[in-house]
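Enquirer: Could you look at this predicted model? Sequence included:
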Amino acid sequence: MKTNLAFDNLHIFGEEKIFSVSELSFAIKGAVERHFASIKLRGEISGLKTHTSGHTYFSLKDDTSLINAICWRGTKVGFKLEEGMEVVVTGKVTSYPARSQYQLIVEEATIAGEGALLKLLNERKKHFAALGYFDKKQRLPKYPKIIGIVTSKTGAVLQDMRHRLEDRYPFCHVVVWPTNVQGTGAADQVAQAIRGFNFMLEKRPDVLIVARGGGSIEDLWAFNEEVVIKAVYDSRIPIISAIGHETDTTLIDYASDLRAPTPTAAIELATPVLSEIREVLSGSGIRISSATSRIIRELSSRVQMCNKSLSSSQFAIINISQKFDDKVERFENAILSFLQKENLKLKTKKLMQLDSYINLKKHQYSSVNKRLERASDVYLQTIHEKIKSLFVRLEQSSFMKILGKGFCFITNAKGETINTKKEFCTQNRAGISLHFVDGEVSLD
C-alpha cells in the first residue's frame, strides 16, 4: 500500500545507496512537482512582501497549517494581493532545495467567494475614506463643450451613450479613451485614461464619464482598486461614474464628483436639456432688445442736449468776440487820447527845451509802448485760449461725433426730431429723413 505518492520513485537509487543532501533534495523536488503539477488551493494571505524585482512572496494559511507561495513578476492576477485576503490560487507545488522547504508557484488567483469580496470592499471603503479620497467634489460645467468617455470600445454602452447625447445635446464633442473594464490590467488602463485626459493641452474635456455595463462584483472589481480611486481623486476634470446598474456600487462612485445609475443617465447629468437652452437664449434676446432700446433713447436724449449746448456755445463765442472788439476799440481810443495830450504838452514847452523834451518823451513813449505791447500780447493770448477752449467744448458737444459712431436721428417734414416709436408711426412718411454723419436720406 502506498502511503506517500511523493516518494514512490525513490527506489530507483537502490536500497543500499547513500544519498548526498543535494541528491535527496532534488529527488524530493522532482517527486513533488510531478504529483502536484497543477492544484487549486484556498487560504488566507499572510506575510505579503513584494521584492524590488517585482516578484511577490507570501504564505497561504488556514486554521492549522501554512504554505509558502510565490507570484512571479508578470503573472496575471486580476486584482491587488493584500494582507489577510482570502483567495483561491491555481499553481504548482515545488521545493526549494537550498532550504529544504516546499512552496507553491502561483499561476492564477481569484478572491474566495462574494462574502470575502464584500468584506474586502468595506475595508477598502473605510481605508479610502480615512485618506480623504471621498471628500473632494467639483462642480460640473453647465454647458460642456467636450465630454471625455472612459469605457470599452466594444459593447452597447458606448453606442447607447452616443445616441443619448445626439438626442439631447448634439452641440457637444465627444472624445473616447477605450480601455478594458474588467480583468487583468483593467484598473491600470482606466487610471491611465483619467490621467491622460488631465494631461491634454488641446481638446481637453470639460467633464469625464467613466462607464461600463452591469456585472457581478468580480466583474466590477477593477473600479474598487486604489490606482483608480487615486486617479479620480487627483483629477482636475470633474468625473461622473456610471458603473453597472443602479443597484451596483463600486468605490469609484464615492470618489467621483457625481454618480449616475446608468451610463445613459450619466449623459443626462452631464448635459443640459435642449429646450432649456432655447429658453435661456430667448430670454437673453429679450433682454438684449430691451437694453438696445434703452441705449437708443439715452443717445437720442444726449443728442438733444448737445444741440442745446451747441446753441449756447455759439452765443458765448459771439459775446466774447463783441467784448474783444470793444476792448480793442477802447485801447485805440486810449492811445489816441494819450498822443493828443502829449502833443499838447509839447506845444507849451519852451523852444529851447524842445529837443531834450522830445527825447525824453520818446523814451517814455517807447517804454509805454512796450508795456502796452506786452499787455496786449498777454490779453490776446488769454482771449485766444478761451476761444480755443470754447471751440473744443463746441466740438465735443457736437452731435456729429455721435453720428460718427454709427448712430442717426430722424426728422419729419418740418425738421422736428422724432424721438419715439409712437411719434414715428403717427407721422406721414413723406418728408421723413434719416440724418447720418455724411448726409441725410429721405424715406419718400
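Expert: Done, it's in. Numbering: from 1, shown residues only.
Enquirer: can you give me the strands for the chain?
Expert: 39-50, 56-61, 66-71, 86-96, 101-111, 146-151, 173-178, 207-212, 239-243, 258-259, 409-411, 417-418, 433-436, 439-442 (DSSP state E).
Enquirer: The ones you listed into a markdown table, with extra columns for distance to residue 361 and mean pLDDT?
Expert: Quick note: C-beta positions are derived from backbone N, CA and C, even for glycine. Converted to a markdown table, these look like this (distance: least, CB to CB, whole Å; pLDDT from 0 to 100):
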| stretch | distance to residue 361 | mean pLDDT |
| --- | --- | --- |
| strand 39-50 | 121 | 86 |
| strand 56-61 | 125 | 89 |
| strand 66-71 | 128 | 88 |
| strand 86-96 | 131 | 84 |
| strand 101-111 | 128 | 83 |
| strand 146-151 | 97 | 94 |
| strand 173-178 | 98 | 92 |
| strand 207-212 | 100 | 94 |
| strand 239-243 | 104 | 93 |
| strand 258-259 | 105 | 93 |
| strand 409-411 | 65 | 84 |
| strand 417-418 | 65 | 84 |
| strand 433-436 | 64 | 84 |
| strand 439-442 | 64 | 83 |
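Enquirer: can you give me the end-to-end distance of stretch 131-142?
Expert: End-to-end distance for stretch 131-142: 30 Å, by CA to CA, to the nearest Å.
Enquirer: Relative to residue 77, which of the strands of the chain is closest?
Expert: The closest of the strands of the chain to residue 77 is strand 101-111. By CB to CB, the value is 4.9 Å.
Enquirer: contact partners of the closest one?
Expert: The list of residues contacting strand 101-111 from outside it, by CB atoms under 8 Å, 6 or more residues apart in numbering, reads 32, 41, 60, 67-72, 75-79, 81, 85-96, 117, 120, 218, 221.
Enquirer: Residue 245 is in contact with residue 261, correct?
Expert: Yes. Using CB atoms under 8 Å, residue 261 makes contact with residue 245 at a distance of 7.2 Å.
Enquirer: Quick one: buried ones out of the contacts of strand 101-111?
Expert: Buried by 16 or more other CB atoms under 10 Å: 32, 41, 60, 69-71, 75, 77-79, 81, 85-89, 91, 93-95, 117, 120, 221, out of these.
Enquirer: Could I get the contacting residues of residue 261?
Expert: 242, 245-246.
Enquirer: Top of these by number of neighbours, please.
Expert: Compared across the contacts of residue 261, residue 242 has the highest neighbour count, 29 neighbours, by other CB atoms under 10 Å.
Enquirer: Enumerate every residue touching that residue.
Expert: Contacts of residue 242 by CB under 8 Å, 6+ apart are 209-212, 259-263, 265-266.
Enquirer: Just the pLDDT at residue 254, thanks.
Expert: As predicted, residue 254 sits at a pLDDT of 93.
Enquirer: Give me the nearest residue to residue 46, chain neighbours excluded.
Expert: Once flanking residues are discounted, residue 46 sits nearest to residue 59: 4.7 Å by CB to CB, 6 or more residues apart in numbering.
Enquirer: Let me know how buried the one you found is, in neighbour terms.
Expert: Counted with other CB under 10 Å, the neighbours of residue 59 add up to 16.
Enquirer: Tell me where the stretch 151-300 of the chain is predicted with low confidence.
Expert: 274-283, 285-286 (pLDDT under 70).
Enquirer: can you map out the helices along it?
Expert: Taking DSSP state H, counting those that start in this stretch, the helices of the stretch 151-300 of the chain run over residues 156-168, 186-199, 226-234, 251-255, 263-270, 274-348.
Enquirer: picking up where we left off before, any chance of the strands of the chain in TSV, plus distance to residue 161?
Expert: Below are the strands of the chain laid out as TSV (distance: least, CB to CB, whole Å):
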stretch	distance to residue 161
strand 39-50	38
strand 56-61	38
strand 66-71	37
strand 86-96	35
strand 101-111	30
strand 146-151	7
strand 173-178	8
strand 207-212	7
strand 239-243	8
strand 258-259	15
strand 409-411	56
strand 417-418	58
strand 433-436	55
strand 439-442	57
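Enquirer: Ok, which of those comes nearest residue 17?
Expert: In terms of CB to CB, the element of these nearest to residue 17 is strand 86-96, at 20.1 Å.
Enquirer: for the closest one, packing partners?
Expert: Counting contacts by 3 or more CB pairs under 8 Å, 6 or more residues apart in numbering; DSSP states H and E, strand 86-96 packs against helix 21-35, strand 39-50, strand 101-111.
Enquirer: Adding distance to residue 436, write the ones you listed out as CSV.
Expert: CSV is the format used below for the helices and strands packed on strand 86-96 (distance: least, CB to CB, whole Å):
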stretch, distance to residue 436
helix 21-35, 101
strand 39-50, 82
strand 101-111, 82
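Enquirer: Compare the ones you listed and give me the one nearest residue 330.
Expert: With CB to CB, the closest approach to residue 330 among those belongs to strand 39-50: 110.7 Å.
Enquirer: Neighbouring strands of the closest one in the sheet, and parallel or not?
Expert: Strand partners for strand 39-50, identified by DSSP bridges, are recorded as strand 56-61 (antiparallel), strand 86-96 (antiparallel).
Enquirer: now those as CSV including distance to residue 420?
Expert: CSV is the format used below for the strands paired with strand 39-50 (distance: least, CB to CB, whole Å):
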stretch, distance to residue 420
strand 56-61, 86
strand 86-96, 85
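Enquirer: tell me the contacts of the residue nearest to residue 46?
Expert: So residue 59 contacts 45-47, 66-69 (CB under 8 Å, 6+ apart).
Enquirer: Please report the distance of it from residue 35.
Expert: 21 Å (CB to CB, to the nearest Å).
Enquirer: Residue 320 is nearest to which of the strands paired with strand 39-50?
Expert: strand 56-61 (100.9 Å).
Enquirer: what angle separates that closest one from strand 101-111?
Expert: For strand 56-61 against strand 101-111, the angle by axes from the mean of the first three to the mean of the last three CA atoms, to 10 degrees is 90 degrees.
Enquirer: Now do strand 56-61 against strand 66-71, angle only.
Expert: Using the same axes, to 10 degrees: strand 56-61 against strand 66-71 is 150 degrees.
Enquirer: quick one: strand 56-61 to chain centroid distance?
Expert: Mean-position distance between strand 56-61 and its chain equals 48 Å (CA atoms, centre = their mean, to the nearest Å).
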